[in-house]
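# I'll drop the sequence and a predicted model, then ask my questions.
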Amino acid sequence: MAGGQWGNCKGCRYFGSNNPNPGDNETQRCNQQELRAFDLKVSGASGCNAFEARAGAGAAQYQEPAQPAH
Ligand code: SF4
């Protein structure tokens, strides 16, 4: 898996949302190439280290993890 920086799904380009500014409670599919095979449903508050910032969202969406995801 890509060893990128950790970030929240709501700010990630792979979060399957059409909302330009998804919230913590929105649940969508993860479309990241390596994770897509698992048909993951993730919330905006979830995250992982395959995070890539959404186009237009910029680095402002990046947040340090407040707590382990699970
Ligand atoms: S699980 Fe990782 S790759 Fe998928 S949307 Fe969330 S941060 Fe992005």
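Structure's in. What do you need? Numbers count the residues shown, from 1 in each chain.
# Touching, residue 27 and residue 41? I think so.
Yes. Counting by CB atoms under 8 Å, residue 41 is a contact partner of residue 27 at 5.6 Å. The way it works is simple: take the backbone N, C-alpha and C, and place the C-beta from them, glycine included.
# who has more neighbours, these two?
residue 27 (15 against 11; other CB atoms under 10 Å).
# Number of residues surrounding the residue nearest to the more buried one when sequence neighbours are not counted?
In this structure, residue 27 finds its nearest non-sequential neighbour in residue 43, 5.1 Å apart by CB to CB, 6 or more residues apart in numbering. Residue 43 sits with 18 neighbouring residues when counted by other CB under 10 Å.
# cool, residue 31 as well?
When neighbours are counted by other CB under 10 Å, residue 31 registers 13.
# got the contact list for the nearest residue to residue 15 once chain neighbours are set aside?
Nearest residue to residue 15, sequence neighbours excluded (CB to CB, 6+ apart): residue 9, at 4.5 Å. Taking CB atoms under 8 Å, 6 or more residues apart in numbering as the contact definition, residue 9 lies against 15, 22, 28, 30, 42, 43, 44, 45, 46, 47, 48, 51.
# Distance check, residue 24 against residue 37.
Remark: distance between residue 24 and residue 37 (CB to CB, to the nearest Å) = 25 Å.
# What is the subsequent helix or strand relative to whichever helix or strand residue 29 is part of?
Following DSSP states H and E, one finds residue 29 within strand 27-29. The helix or strand immediately downstream of strand 27-29 is strand 41-43, counting by DSSP H and E.
# Which secondary structure elements does the helix or strand following that following strand sit against?
Later in the chain than strand 41-43, the nearest helix or strand by DSSP H and E is strand 47-48. The contact analysis (3 or more CB pairs under 8 Å, 6 or more residues apart in numbering; DSSP states H and E) places strand 47-48 against no helix or strand.
# for strand 47-48, what is the average pLDDT?
On average, the pLDDT along strand 47-48 is 97.
# Let me know whether it sits next to the ligand.
Yes. Residues of strand 47-48 contacting the ligand under CB under 6 Å from any ligand atom: 47, 48.
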